[in-house]
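Enquirer: Model the following, please.
(one chain, ligands or ions: 2)
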Amino acid sequence: MNHGFITFEGIDGAGKSSHIEALAQWLRVRGREVLLTREPGGTALAERLRELLLHEPMDALTESLLVFAARRDHLRQRIEPALARGATVLCDRFTDATFAYQGGGRGFDLAVLGQLEGWVQQGRQPDLTLWFDLPPTVAARRRAAARAADRFESEDEIFFTRVREGYAARATAAPERFIRIDAEQPREAVWAQIERELQERGW
Ligand SMILES: Nc1ncnc2c1ncn2[C@@H]1O[C@H](COP(=O)(O)OP(=O)(O)OP(=O)(O)O)[C@@H](O)[C@H]1O
Ligand SMILES: Cc1cn([C@H]2C[C@H](O)[C@@H](COP(=O)(O)O)O2)c(=O)[nH]c1=O
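Expert: Ligands and ions are numbered 1, 2, ... in the order given. Down below sits the predicted model:
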């Protein structure tokens, strides 16, 4: 029996936002209550921390502490209550992004991130993580066509290569939880893969 916590992950421009609402609707028409949320964010406090993270200069430890502070509030105020009432939580990014961006991209100490993960989450992990994987060069082209860049999106290809490697390490460590989505495919093929993967797992 699957439970209720699904996360979307991937480097900026991978295509997560293009599919997350469609998956929320797909789950709702199958009778599930769905909380669609995001990180950093999801509560008034966490959304204020998001703005600081995306636009204020800071070092990797500060970034790590702020994303986990936002996550703690998000978990306590929104995610845990939704899971407790039997809802499905669909979250655009979670702790894998911290290991990918702060651990891989910034080179921050993975052991410290693991300690923060334990304190903040107290054993809570997603039941399923869809990792939208693609070459950083392809993602960069998509970002350039989409919007003005925030401080993460302004990073270079080497940074996003390290972020991608950070995601790959998390996927290797948790193969039962991760599904690699080939995000380089055309949009329709990406959706078809998402739907197939969820159906095959009884969602
Ligand atoms: N499969 C695809 N092929 C080509 N372009 C795509 C595809 N999926 C999304 N795009 C386009 O790429 C851009 C980025 O997509 P989107 O915002 O969904 O990515 P994202 O992973 O949510 O990025 P971020 O994490 O930075 O929010 C958008 O302009 C979108 O229209
Ligand atoms: C959860 C989380 C996010 N980030 C970074 C990754 C993205 O560049 C931004 C969020 O922007 P999006 O449009 O919502 O994808 O924040 C991070 O560095 N660490 C994290 O834990």
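
Enquirer: can you list the residues of this protein near ligand 1?
Expert: 10, 12-18, 142, 145-146, 185-187, 190 (CB under 6 Å from any ligand atom). Every residue, glycine included, has its C-beta placed from N, CA and C.

Enquirer: Pick out the most distant pair among these.
Expert: 12 and 186 (19.4 Å; CB to CB).

Enquirer: Could you check which helix or strand contains residue 36?
Expert: Per DSSP states H and E: residue 36 is located in strand 34-38.

Enquirer: Report the strands that pair with that strand, each with its relative direction.
Expert: Note on strand 34-38: by DSSP bridges, its sheet partners are strand 88-92 (parallel).

Enquirer: so after the strand it pairs with, what's the next helix or strand?
Expert: That would be, after strand 88-92 and using DSSP H and E, helix 95-98.

Enquirer: what sits against the closest residue to residue 33 other than its chain neighbours?
Expert: Distance criterion CB to CB, 6 or more residues apart in numbering; nearest residue to residue 33, sequence neighbours excluded, is residue 87 at 4.1 Å. Contacts were defined as CB atoms under 8 Å, 6 or more residues apart in numbering; by that measure residue 87 touches 4, 32, 33, 34, 35.

Enquirer: same deal with residue 91?
Expert: 5, 6, 7, 8, 37, 38, 39, 42, 79, 126.

Enquirer: what's the residue located most distally from the centre of the chain sitting at in phi/psi?
Expert: When distances are taken from the C-alpha mean of the chain, residue 31 lies farthest, 24.2 Å away, according to CA atoms, centre = their mean. Note on residue 31: backbone dihedrals following degrees, to the nearest 10 are phi 90, psi 10.

Enquirer: Which of the three states applies to residue 32?
Expert: coil (DSSP: H, G, I helix; E, B strand; the rest coil).

Enquirer: Can you give me the distance of it to residue 15?
Expert: Distance, residue 32 to residue 15, using CB to CB, to the nearest Å: 23 Å.

Enquirer: the more surrounded of these two?
Expert: Each of residue 32 and residue 15 has its neighbours counted (other CB atoms under 10 Å); residue 15 has more, 21 against 15.
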